[in-house]
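Colleague: Here is the input, now give the coordinates:
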Amino acid sequence: MAATGNTNVVKIPAGILPKDACVVLVRTEWNDSIVGELEAGARKVLAEQGIDKVTTITVPGAVEIAFAIRAYWEAKKYWDDRPHAFIALGCVIKGDTPHFDYVCKAVTDGVVLLNHELPVPTIFGVLTVLNEEQAMERLGGPHGHKGEEAAITALKMIALQRSFKK
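Modeller: Prediction:
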């Protein structure tokens, strides 16, 4: 369970920000208004930190996120503007059937697999909640703004990866 007030996540250490980074947001169409807020929060943080190479890819649902990330990486990995991080954004709300469990497991497993296989980080910014109220609590409520936190995590992971090359 996410704790409220985790302020350590939202601190960005000065001096390590990758201004030239390219970040790709992969977002779902499902629960569009919620996912749109996640995207807006991520874009806000990236813009505040001077990151202007941000691309958004839209997929139908959360299960398709991993495919889109892998396909985009394969298409761009040799280009100068290849991604330095991906951020997966979505919102899966529990219904009355086990479908929720299957979708949550599929998207989680997909992002974990990408983190093992790709040479760049994939950040998990997918809300898996029981109801819309819980989703709203994670868009600037008591649980913070998960879109903003995902962008901060992406920047920290890019900076971490770059620090290994020094």
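
Colleague: gap between the residue most central in space within the chain and Gly95?
Modeller: Against the mean C-alpha coordinate of the chain, by CA atoms, centre = their mean, the closest residue is Ile87 at 2.8 Å. For Ile87, the distance to Gly95 equals 25 Å [CB to CB, to the nearest Å]. All C-beta spots, glycine's among them, are computed from the backbone N, C-alpha and C.

Colleague: sorry, back to before: ok, the residue nearest to the centre of the chain touching Leu25?
Modeller: Yes - counting by CB atoms under 8 Å, Ile87 touches Leu25, with 5.0 Å between them.

Colleague: Now do the shared contacts for these two.
Modeller: Ala42 (CB atoms under 8 Å, 6 or more residues apart in numbering).

Colleague: where along this structure do the helices fall?
Modeller: Counting by DSSP state H, the segments of the chain that form helices are 32-48, 65-76, 99-117, 132-137, 146-163.

Colleague: can you give me the angle the last one makes with helix 99-117?
Modeller: Taking axes from the mean of the first three to the mean of the last three CA atoms, to 10 degrees, one finds that helix 146-163 is oriented at 20 degrees with respect to helix 99-117.

Colleague: Cheers, nothing more for now.
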